[in-house]
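Participant: here's my sequence, what's the structure:
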Amino acid sequence: MSQKISVEIIKELRSKTGAGMMDCKKALQASKGQIDIAIENLRKKGLATAEKKSARIATEGVVQSYIHAGYRIGVIVELNCETDFVARQVEFNNLAKNIAMQLAACQSVNYISLDDIPNEIVISEKNVESAKEDLLNKSEEVKAKIIDARIKKRLKEMSLMDQSFIKTPEISIEELVKQHISLLGENIIIRRFERFILGEGLKRRSDNFTQEVSKMIYNN
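Facilitator: Now for the predicted structure:
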């Protein structure tokens, strides 16, 4: 006889994982109502399902934007799926909004995944780390291990997929996407993004009004 699971705890599990109602119910029954175990099992199942679907071509989707409070930071992100049907789903559009919000919050992120980081960036970071004074008296073996650990940490700071999701820090953006792949039954890909910061790249004028007037007088 299966354990009776309340609707409230099923809804709570669905809210935390994005899994379907029946999957949540089965997971809770299997874990005897222990929600933490149910969450872990659903995540494992979702990741396994997502891996099988990750090779599918995704050419549909949405272009979503997020403007941060104060209108000084904006993000546009393209999120792809396999069909227009999934592209219209609330869950898919919410995912796109959350990713755009994440990108606005994480301004050190410039690449979608570690694989997207150019080799010249990796070499540059290694050169910076190798020149740090705290490594001068270390043996070559210890020095190499420290540099490797620091480089991995630094590159993850640049990778969107390796960021902790700002709304649920227990999971990464990669896990968040895979949960939605499992939930919606299609491959989902973050294709590209652009971040806009007010005034970025502009050379601010240093001349004041008095200097400007003086120039005009002497030039005439």
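Participant: could you check the pLDDT of the closest residue to Leu114 other than its chain neighbours?
Facilitator: Distances taken as Cβ to Cβ, 6 or more residues apart in numbering place Ser159 nearest to Leu114, at 4.9 Å, with adjacent residues excluded. Bear in mind the C-beta positions are built from the backbone N, C-alpha and C, glycine included. Per-residue confidence (pLDDT) for Ser159: 97.
Participant: Ser159 and Ser172: what is the separation?
Facilitator: Using Cβ to Cβ, to the nearest Å, we find Ser159 at a distance of 10 Å from Ser172.
Participant: compare the two (neighbour count), which wins?
Facilitator: Ser159 (22 against 18; other Cβ atoms under 10 Å).
Participant: torsion angles phi and psi at that one?
Facilitator: Listed backbone geometry of Ser159 is phi -100, psi 120, with angles given as degrees, to the nearest 10.
Participant: so it is in contact with Val122, correct?
Facilitator: No: counting by Cβ atoms under 8 Å, Val122 is not a contact partner of Ser159; they are 11.9 Å apart.
Participant: re the thing from before, show me what contacts the residue nearest to Leu114?
Facilitator: When contacts are counted by Cβ atoms under 8 Å, 6 or more residues apart in numbering, Ser159 touches Val109, Tyr111, Ile112, Ser113, Leu114, Asp116, Ile117.
Participant: specify the beta-bridge partners of it.
Facilitator: Beta-bridge partners recorded for Ser159 (DSSP bridges): Tyr111.
Participant: and Leu184, how many neighbours?
Facilitator: When neighbours are counted by other Cβ under 10 Å, Leu184 comes out with 21.
Participant: correct me if wrong: it contacts Phe85.
Facilitator: No: contact criterion Cβ under 8 Å: Leu184 and Phe85 do not qualify, at 9.4 Å.
Participant: give me the three-state assignment for Phe193.
Facilitator: For Phe193, the assignment made with DSSP: H, G, I helix; E, B strand; the rest coil gives strand.
Participant: could I get the contacts of Ser159 as JSON lines with secondary structure and neighbour count?
Facilitator: Output for the contacts of Ser159, formatted as JSON lines (DSSP: H, G, I helix; E, B strand; the rest coil; neighbours: other Cβ atoms under 10 Å):
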{"residue": "Val109", "secondary structure": "coil", "neighbour count": "20"}
{"residue": "Tyr111", "secondary structure": "strand", "neighbour count": "17"}
{"residue": "Ile112", "secondary structure": "coil", "neighbour count": "21"}
{"residue": "Ser113", "secondary structure": "coil", "neighbour count": "14"}
{"residue": "Leu114", "secondary structure": "helix", "neighbour count": "15"}
{"residue": "Asp116", "secondary structure": "helix", "neighbour count": "14"}
{"residue": "Ile117", "secondary structure": "coil", "neighbour count": "18"}
